[in-house]
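[1] give me coordinates for this.
(one chain, ligands or ions: 3)
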Amino acid sequence: MGRRIGVLGVPMDLGAGRRGVDMGPSALRYGQLHEALESLGHSVEDYGDIDVPVVESIRSEHRQNGMAYLETIRKACQDTLEQLLSFPTDAFPIVLGGDHSIAMGSVSGASRKERIGVIWVDAHADFNTPETSPSGNIHGMPLAALCGLGDPRLVNLGWEGPKVRPEDVVLIGIRSLDKGEVGLLRERGVTVYTMKEIDTLGISEIAEATAEKLQGLRKIHLSLDADVLDPEVAPGVGTPVKGGLTYREAHLLMELLADAGIVTSLDLVEVNPILDRENRTAQMMVELASSLLGKKIY
Ligand SMILES: NC(=[NH2+])NCCC[C@H](N)C(=O)O
Ligand SMILES: [Mn+2]
Ligand SMILES: [Mn+2]
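    Numbers count the residues shown, from 1 in each chain. Ligands and ions are numbered 1, 2, ... in the order given. Below is the predicted model:
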């Protein structure tokens with residue numbers, strides 16, 4: 001059955017340490033996202049891009065509380081949230097990043113003050129606060145902020161307080177954590193599947209356990225960071241970590257989540273076309289979105 005899909009681009013790289021993911025939305029569109037989804041019988045409406053200032057125009061923005069470009073990032077996430085709130089309520093939103101800090105806008109938009117689940121598929125947990133962050137890069141902080149941790153200017157985006165409960169978050173593909181993140185994740189009771197669990201249990205068992213864990217929640221947001229993939233499959237990312245998901249593991253995860261029919265919104269983030277080869281990483285992300293949205297070969 002065809003869905004109504006709403007696409008929104010957030011061409012921002014201010015949260016990342018390396019430049020280039022601001023070109024992600026173009027690369028994903030150029031990688032035929034719309035054609036791929038329409039061929040599955042969905043209708044696709046593109047709402048264009050959020051306006052994000054170029055870094056050269058905001059050089060004077062000082063670090064605040066150790067965070068780079070806090071004010072501009074907060075504004076871009078706020079605009080993303082507002083735009084998503086204007087989407088038709090039956091639409092399936094896909095937000096194109098951009099660095100992962102945009103998820104503060106997309107997840108807030110998905111929650112609309114309701115209790116939601118979040119599946120965060122990433123090499124990293126992005127669970128730093130300004131105190132634990134080794135880099136000050138905000139793309140290492142969005143999931144913590146969504147859970148209510150860190151700077152109030154990020155936590156209170158849109159409306160006051162956390163947007164998701166830590167017990168309703170499942171992380172998959174993790175293989176790079178900062179010291180402070182480990183403590184926070186344990187303390188808050190987030191479910192974490194590292195690559196070790198993927199290797200030992202297999203991705204299908206993890207998909208099943210994830211669906212079971214989040215069962216009963218009417219809305220589940222999937223935030224897909226391209227760097228969860230092995231750098232061999234996805235070279236176009238700014239923070240590559242070796243030993244990631246294979247081509248088939250990533251697809252199988254999407255296929256099984258599609259079978260479970262639980263995901264109601266999606267982010268495709270951290271594609272860096274400058275570091276990519278012939279748009280491979282964007283294309284892989286488009287393929288994964290297709291698998292999640294029902295592509296079947298038989
Ligand atoms: N969305 C990402 N690629 N995040 C990478 C974060 C890397 C590191 N943990 C940091 O906080 O700086
Ligand atoms: Mn990430
Ligand atoms: Mn990552």
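[2] sec struct for residue 173, please.
    strand (DSSP: H, G, I helix; E, B strand; the rest coil).
[3] give me the distance between the two termini of stretch 50-57.
    From its first residue to its last, stretch 50-57 covers 16 Å (Cα to Cα, to the nearest Å).
[4] next, the buried residues of it.
    By neighbour count on 16 or more other Cβ atoms under 10 Å, the buried set for stretch 50-57 is 50, 52, 55. Glycine gets a C-beta too; all of them are placed from N, C-alpha and C.
[5] kindly report the same for stretch 74-93.
    74-81, 83-84, 87, 91-93.
[6] average pLDDT across it?
    Throughout stretch 74-93, pLDDT has a mean value of 97.
[7] likewise stretch 219-227?
    Taken as a whole, stretch 219-227 has a mean pLDDT of 99.
[8] near ligand 2, anything from it?
    Yes. Contact of stretch 219-227 with ligand 2 (Cβ under 5 Å from the ion) involves residue 225.
[9] how distant is that stretch from the center of its chain?
    Here stretch 219-227 is found 4 Å from its chain centre; the criterion is Cα atoms, centre = their mean, to the nearest Å.
[10] over to stretch 166-180?
    13 Å.
[11] which bits of this structure sit near ligand 2?
    Residues of the chain lying close to ligand 2 (Cβ under 5 Å from the ion) are 100, 122, 124, 126, 225.
[12] wasn't residue 108 part of a helix?
    Yes. If the criterion is three-state DSSP, then residue 108 is within a helix.
[13] please convert the residues of the chain next to ligand 2 to TSV, extending it with neighbour count, secondary structure and distance to residue 185.
    Below are the residues of the chain next to ligand 2 laid out as TSV (neighbours: other Cβ atoms under 10 Å; DSSP: H, G, I helix; E, B strand; the rest coil; distance: Cβ to Cβ, whole Å):
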residue	neighbour count	secondary structure	distance to residue 185
100	31	helix	16
122	27	coil	13
124	25	strand	11
126	26	coil	11
225	27	strand	16
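[14] what packs against the one helix or strand residue 44 maps to?
    Element membership for residue 44 (DSSP states H and E) is strand 43-49. Judged by 3 or more Cβ pairs under 8 Å, 6 or more residues apart in numbering; DSSP states H and E, strand 43-49 is in contact with strand 4-10, helix 33-38.
[15] the longest one near ligand 1 anywhere?
    No. For a cut-off given as Cβ under 6 Å from any ligand atom, strand 4-10 has no contacts with ligand 1; the smallest distance is 13.4 Å.
[16] buried ones in that strand?
    5-10.
[17] same check, this time on stretch 161-173
    Judged by neighbour count using 16+ other Cβ under 10 Å, the buried positions of stretch 161-173 are 163-166, 168-173.
[18] likewise for stretch 65-72?
    Those buried within stretch 65-72 under the rule 16+ other Cβ under 10 Å are 67-70, 72.
[19] return the distance of it from the chain's centre.
    20 Å.
[20] close to ligand 1, is that stretch?
    No. Judged by Cβ under 6 Å from any ligand atom, stretch 65-72 and ligand 1 are separated, with a smallest distance of 10.5 Å.
[21] just to revisit the earlier point, would you list the helices and strands packed on strand 43-49 in a markdown table and tack on mean pLDDT?
    What follows is those, written out as a markdown table (pLDDT from 0 to 100):
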| stretch | mean pLDDT |
| --- | --- |
| strand 4-10 | 98 |
| helix 33-38 | 98 |
